[in-house]
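Student: predicted model follows, preceded by the sequence.
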Amino acid sequence: MKKVFTKRLISAILTTALIGTSAFALFGCGKASNDAKVHITNVSYDPTRELYESYNKIFADHWKVKTGQEVEVTQSHGGSGKQALEVANGLEADVVTLALEYDVNAVRDAGLINDGWINNFENDSSPYTSTIVFLVRKGNPKNIKDWNDLIKDGVGVITPNPKTSGGARWNYLAAWAYADKLYNDDKSKIEDFVKKLYQNVLVLDSGARGATTTFVENGQGDVLLAWENEAYLSIKDHPDEYEIITPSVSILAQPSVAVVDEVVDSRGTREVATEYLSYLYSDEAQRIAGDNYYRPYNQDILKEYSDVFDLNINLVTISDFGGWDEAQKTHFADGGIFDKIYEK
């Protein structure tokens, strides 16, 4: 049994269970009951568990030095789209750190985040970035080198569900971008390519960490379409069992962060919540991002990780799809292209 990964999985389950049952009862309304301690909640997406476990420790030290006050941060993790829906439906979060802009906009559209949130922090409120890579079993027995290998007969693909997972939407768009270049914008051929890819998908988990569990822990599939950081964590846990393949075309994934205005104003936690996100851009936090295999926004610090990341990878961006509102409407909304092509 792969004990290290299992430990991560158990920790993830316990964290989610805490949020789902007793966290808010324990912490009350979220206001600081006295000057000694303040509680905030960060609702995030699946693969950021290890990142924020480390970051919360240094932020607590930073906040203590700055204000003399202790801070305790509660985490919630899951598929990004599902997390956004939970917050919109009442899961109280002081901050959200989700997989993409569209999911934060869903919380905004529920009246909880003010317009213009994307301009509140640097780099479109994206303190770290990532991309999409392939995780394959050691020796790459199916000889998977690029996206076109994923549509071959007999190749089992693992990727989450774009309806619930932000990472899954990045996966889908990266595949679409490859097919777009291959077929010179021929929409019929592109759709056919992506349809063949999803016909090879064995399991559509609700989130990226669940998909990793399916591939790594449960041994299903030949290739996992993964966040770069999630793939590196799997290599770190099992260095002799997996390897990473960087496709010829991928996408610049920009996870987004925002203060949940309605909640922090109700709880009186705006100052600490804002500082929590601002400090993600500090040199110390940027290196924690790099250590957890996210690409730091700070370009000088990113260069420190040039032996880890392929900094020359060909990356399309969400602007190539007309922005997230257009991409969501075209590809992932009910009746969109994904619904059209995905058949079980």
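Tutor: Perfect, thanks for sending it. Just so we're clear, the structure is a prediction, and the values are computed from it rather than from any experiment.

Student: for the nearest residue to residue 201 once chain neighbours are set aside, give me the pLDDT.
Tutor: Nearest residue to residue 201 in three dimensions, chain neighbours excluded: residue 157, at 4.8 Å (CB to CB, 6 or more residues apart in numbering). Placement of C-beta: from N, CA and C, glycine included. Reported pLDDT at residue 157 in the predicted model: 98.

Student: pLDDT weak spots in the stretch 201-344 of the chain?
Tutor: Applying pLDDT under 70 to the stretch 201-344 of the chain picks out residues 343-344.

Student: and the helices in it?
Tutor: Secondary structure of the stretch 201-344 of the chain, counting by DSSP state H, counting those that start in this stretch: helices at 208-212, 228-237, 261-267, 270-278, 283-291, 299-303, 324-327, 337-341.

Student: and what of the stretch 1-150 of the chain?
Tutor: 3-21, 23-27, 49-67, 80-88, 101-109, 122-125.

Student: least confident of those helices, on average?
Tutor: Mean pLDDT across the helices of the stretch 1-150 of the chain is lowest at helix 23-27; the value there is a mean of 37.

Student: neighbours of the residue nearest to residue 201, how many?
Tutor: 23 (other CB atoms under 10 Å).

Student: ok, and the closest non-adjacent residue to residue 129?
Tutor: Distances taken as CB to CB, 6+ apart put residue 295 closest to residue 129, at 4.6 Å, once the chain neighbours are dropped.

Student: what residues does that neighbour make contact with?
Tutor: Contact partners of residue 295, counting by CB atoms under 8 Å, 6 or more residues apart in numbering, are 128, 129, 130, 131, 228, 289, 302, 305, 309.

Student: quick check, nearest of the residues you listed to residue 93?
Tutor: Using CB to CB, the shortest approach to residue 93 within those belongs to residue 128, at 19.0 Å.

Student: can you tell me how far the closest one sits from residue 198?
Tutor: Using CB to CB, to the nearest Å, residue 128 is found at 29 Å from residue 198.

Student: please say which of those two ends up with more neighbours.
Tutor: residue 128 (28 against 20).

Student: check that one and give its pLDDT.
Tutor: Looking at residue 128, its pLDDT is 98.

Student: report the separation between it and residue 295.
Tutor: Counting by CB to CB, the gap from residue 128 to residue 295 is 6 Å.

Student: for residue 182, same thing?
Tutor: Using CB to CB, one gets 26 Å for the distance from residue 182 to residue 295.
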